[in-house]
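Colleague: output the structure for:
(chains A and B)
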Amino acid sequence: MWAVFELQWVRLKRNPFLVLSFLGLTFVFVFLLAGSQADQKMTVHTFTDQLSEPQMAEWLDLLNDSDTLTFQQSDREDVVDLIEAGRISFGLHVDEEQFHYLVGHQSHYQIAVDQHVQRVFQETLRIRQVAEQTGITDIQGRVEEALEQPLMSIDVDALKGDASQADAERFHVVIGMTLYFAIYTILITISSIIIQKRDGTWNRLILSPVKKTKIYLGHLFYCFLIGFLQIVVSFALFHYLLGYDFGDQFGAIVLVLIVYVFSIVALGMFLMGLIQSPQQLDAVNPIVATGMAMLGGAFWPIDLISNQMMIALSRVMPIFHGMEGLKGAILFDQGITELLQPLSILLLMGVLFMGIGINLMERDTKI
Amino acid sequence: MLEVEGLKKKFKTNVAVNEVNLYLDKGESVGLLGPNGAGKSTTISMISTLIKPTAGKVRYQGKNILKDPNSIRPILGVVPQEIALYELLSAYENVKFFGKIYGLKGKQLEQKIDQVLELVGLQDRKKDLVKTYSGGMKRRINIAVALLHEPEILIMDEPTVGIDPQSRSYILDMVRKLNQEKGMTVLYTSHYMEEVERLCDRVYIMDHGQIIASGTKEELKSILSSEETVLIEVDQTSSAMLDALNELTAIQQVTEAPKGYKLIVSKGANVLADVFSLAETMDIKITSAHVEVPTLEDVFLHLTGRKLRD
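Modeller: Here you go, the predicted structure:
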């Protein structure tokens, strides 16, 4: 087994281009999609019909106290033009003590914006009300001073942790893209079995005294390690270069990765069993990897999808459970016990795919 | 040493190999001769435990190896028809890897690597990547890999396909040396009659998945002992002449040759007078005529009515 395992590394050393290019592509895509999103704020076009310039500036100051949203002053006409052109889905209309939305079409971002705007309006209007009633002009300063030494503090534990919407979105892209590109690398690496079958070297291995199980194990362990290392290196770069906090559940993250990579290696074996040539595999790889990532929610959160059939399909994609497991460990601080469900499903998928795959590969005439 | 009994392989409706029986004695060099598609590769794939037969048995020292392939694999060296090597690795790395999977290690492995590379004449190019080798050099490394663990039985599936005459001669000499000096048992398949004639003590002739004749080279040629091959060269060939020759009762078979006709006639029959007279009436000039000693090619032609490379 170790001779076969070692051989794969020698071959990789001689021709590292393919695997390295996929590693590189992973980083490029993840940095572009997730890295850029780390600093990206959503712009909300805001206009008024009644407020003066200083009044509007005051509201914009208050509203812009957000990590994820930027409120930009616009004219009503400009906002209407942008909505009509389909470039934005909605605009915010601010008046003295109320706000409205000018909506072109429904967007899930509007919910997040609305929550923020409502909170800012409620706080500001309450403070103004208190100031009017008590006559104290610097009520805001006093509130902030009082909050520094509160009389009592309340810890709130939500059912599913305390990750912010922004964190959830950033990590969704990092996890989704990393797991997606790992599928490519694993499937391409595992295709060396088919290539060896075509060029006859596989038969030489079969005719040697080494047991077939060990030959498979040597190859599969190598594929597993390549996929696992790609994800670990990717996460490490995000942690050390971009400051992403992957939390404290190190053991749970590693375990989810192990089970996820195993399930993808097994899926690769299943595909090897179905196809006959490396050319077929080249055609199947992108379809499987991208299709699975789309259906499994790697590109966008599954919560956005309402179609019941699509939701049901997502549940049979290993990437969905891999993402659930990793998000649970990273964003919601869940340990191994709490992650038993995705872990067990991935393990079950891995065992099933591997069993069927090996049987399909050996179904022909081999002794 | 090795016996094959009633071997059969069916791929869906196509019977590739049908009721093949053969044996190999220790130290023998046996040829399996047949045209492309005769079923030679399928037969040796079954003998070498690579594919499972539909029916039949392969016995090594009395034991059915199909039930326990691992009992024969360590003593078997198989040279496949294709170049089964890792092209991105050097010759040394290829040989070393295959040595390792046969359980060789350390000093013993290094010694064996040196020996086989010396044997195939590639010691000085051992560090070069296989992809940079010529076809003949690749073929030689392909053989070296099968020899590293010093197998008792060497099975070679058309090991000289597509290479230059010099490399072919080198390989044939090497195989002869392994058989004669090291006592290695060789099963050699080819559709090149001259290779099998040069290398093998005994020959099995195969066609359409079946063994159609077997024996020593002399035994096979004696099939034609009651016949003679007469080669006639003429200044111009014609289908009328071919038809006329076919009608001569003393001639058993007529085929076109490069400059004339090849006639198979009963031994002692005097056909030349009839042939000359026929040529004269058809205004054809006979430029030469001679009686040939039969070859395995003639035997194959006699048995199947086709040439080996048809």
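Colleague: quick one: residue B:159 and residue B:141 touch, right?
Modeller: No: between residue B:159 and residue B:141 there is no contact under CB atoms under 8 Å: 11.5 Å. Placement of C-beta: from N, CA and C, glycine included.
Colleague: how close does residue A:209 sit to chain B?
Modeller: According to CB to the nearest CB, to the nearest Å, residue A:209 stands 5 Å off from chain B.
Colleague: domain boundaries for the chain, per the record?
Modeller: Here I'm looking at chain A. As given by automatic domain parsing, the domain ranges for chain A are A:2-37+A:166-361, A:41-148.
Colleague: my bad, chain B
Modeller: Following automatic domain parsing, one finds the domains of chain B at B:2-221, B:226-293.
Colleague: so how far is the first one from its chain's centroid?
Modeller: When you say that, I think you mean domain B:2-221. 11 Å (CA atoms, centre = their mean, to the nearest Å).
Colleague: measure that domain end to end?
Modeller: 25 Å (CA to CA, to the nearest Å).
Colleague: so does that domain get close to chain A?
Modeller: Yes: interface with chain A: domain B:2-221 contributes B:48-52, B:66, B:69-70, B:73-74, B:76, B:78, B:80, B:82-86, B:88-89, B:93, B:97-98, B:100-103, B:129, B:145 (CB under 8 Å from any CB of the partner chain).
Colleague: how about the helices in the stretch 51-200 of chain A?
Modeller: A:53-63, A:76-84, A:109-134, A:139-148, A:165-190, A:192-199 (DSSP state H, counting those that start in this stretch).
Colleague: next one: chain B
Modeller: B:40-47, B:91-101, B:106-119, B:135-147, B:165-181, B:193-199, B:217-221, B:239-247, B:272-281, B:296-304 (DSSP state H).
Colleague: residues from chain A in reach of chain B?
Modeller: Checking chain A against chain B by CB under 8 Å from any CB, the hits are A:3-4, A:7, A:10-11, A:14-15, A:199-201, A:203-211, A:365-367.
Colleague: follow-up on the earlier one: tabulate the helices of chain B in a markdown table, adding columns for mean pLDDT and mean neighbour count.
Modeller: Listed next are these as a markdown table, based on pLDDT from 0 to 100; neighbours: other CB atoms under 10 Å in any protein chain shown:
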| stretch | mean pLDDT | mean neighbour count |
| --- | --- | --- |
| helix B:40-47 | 92 | 24 |
| helix B:91-101 | 91 | 23 |
| helix B:106-119 | 90 | 15 |
| helix B:135-147 | 89 | 22 |
| helix B:165-181 | 87 | 16 |
| helix B:193-199 | 84 | 19 |
| helix B:217-221 | 77 | 16 |
| helix B:239-247 | 88 | 14 |
| helix B:272-281 | 88 | 14 |
| helix B:296-304 | 76 | 20 |
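Colleague: would you turn those into JSON lines with distance to residue A:178?
Modeller: Output for the helices of chain B, formatted as JSON lines (distance: least, CB to CB, whole Å):
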{"stretch": "helix B:40-47", "distance to residue A:178": "44"}
{"stretch": "helix B:91-101", "distance to residue A:178": "33"}
{"stretch": "helix B:106-119", "distance to residue A:178": "41"}
{"stretch": "helix B:135-147", "distance to residue A:178": "40"}
{"stretch": "helix B:165-181", "distance to residue A:178": "50"}
{"stretch": "helix B:193-199", "distance to residue A:178": "57"}
{"stretch": "helix B:217-221", "distance to residue A:178": "67"}
{"stretch": "helix B:239-247", "distance to residue A:178": "75"}
{"stretch": "helix B:272-281", "distance to residue A:178": "84"}
{"stretch": "helix B:296-304", "distance to residue A:178": "63"}
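Colleague: residue A:338: which of the ones you listed is closest?
Modeller: helix B:91-101 (44.4 Å; CB to CB).
Colleague: taking the stretch 101-250 of chain B, what residue is nearest to chain A?
Modeller: Closest to chain A within the stretch 101-250 of chain B is residue B:101: 4.4 Å, counting by CB to the nearest CB.
Colleague: my read: that residue touches residue A:201, true?
Modeller: No: applying CB under 8 Å as the test, residue B:101 and residue A:201 come out as separate, 11.0 Å apart.
Colleague: is residue A:139 in contact with residue A:126, as I believe?
Modeller: No: using CB under 8 Å, residue A:139 is not in contact with residue A:126; the gap is 9.6 Å.
Colleague: out of the two, which sits in the more crowded spot?
Modeller: Remark: of residue A:139 and residue A:126, residue A:139 carries more neighbours, 18 against 12, as counted by other CB atoms under 10 Å in any protein chain shown.
Colleague: can you give me every residue that contacts residue B:46?
Modeller: Contact partners of residue B:46, counting by CB atoms under 8 Å, 6 or more residues apart in numbering or on different chains, are B:7, B:9, B:17, B:52-53, B:56, B:58.
Colleague: tell me the one of those nearest residue A:146?
Modeller: Proximity of those to residue A:146 (CB to CB) peaks at residue B:52, which lies at 84.1 Å.
Colleague: tally up the residues packed near that closest one, please.
Modeller: A count of nearby residues for residue B:52, using other CB under 10 Å, gives 14.
Colleague: how far away is it from residue B:66?
Modeller: Residue B:52 is 7 Å from residue B:66, where distance means CB to CB, to the nearest Å.
Colleague: and if you look at residue B:199?
Modeller: For residue B:199, the distance to residue B:66 equals 27 Å [CB to CB].
Colleague: with residue A:318 instead?
Modeller: Residue A:318 is 39 Å from residue B:66, where distance means CB to CB.
Colleague: what about the two, which has more around it?
Modeller: Taking other CB under 10 Å, residue A:318 and residue B:66 do not tie; residue A:318 has more neighbours (25 against 18).
Colleague: surely the more buried one meets residue A:289?
Modeller: No: using CB under 8 Å as the test, residue A:318 is too far from residue A:289 to be in contact (11.3 Å).
Colleague: tell me who's in contact with residue B:196.
Modeller: Neighbouring residues of residue B:196 by CB under 8 Å, 6+ apart: B:31, B:33, B:188, B:190, B:203, B:296.
Colleague: count residues in the vicinity of residue A:345, would you?
Modeller: By the criterion of other CB under 10 Å, residue A:345 has 20 neighbours.
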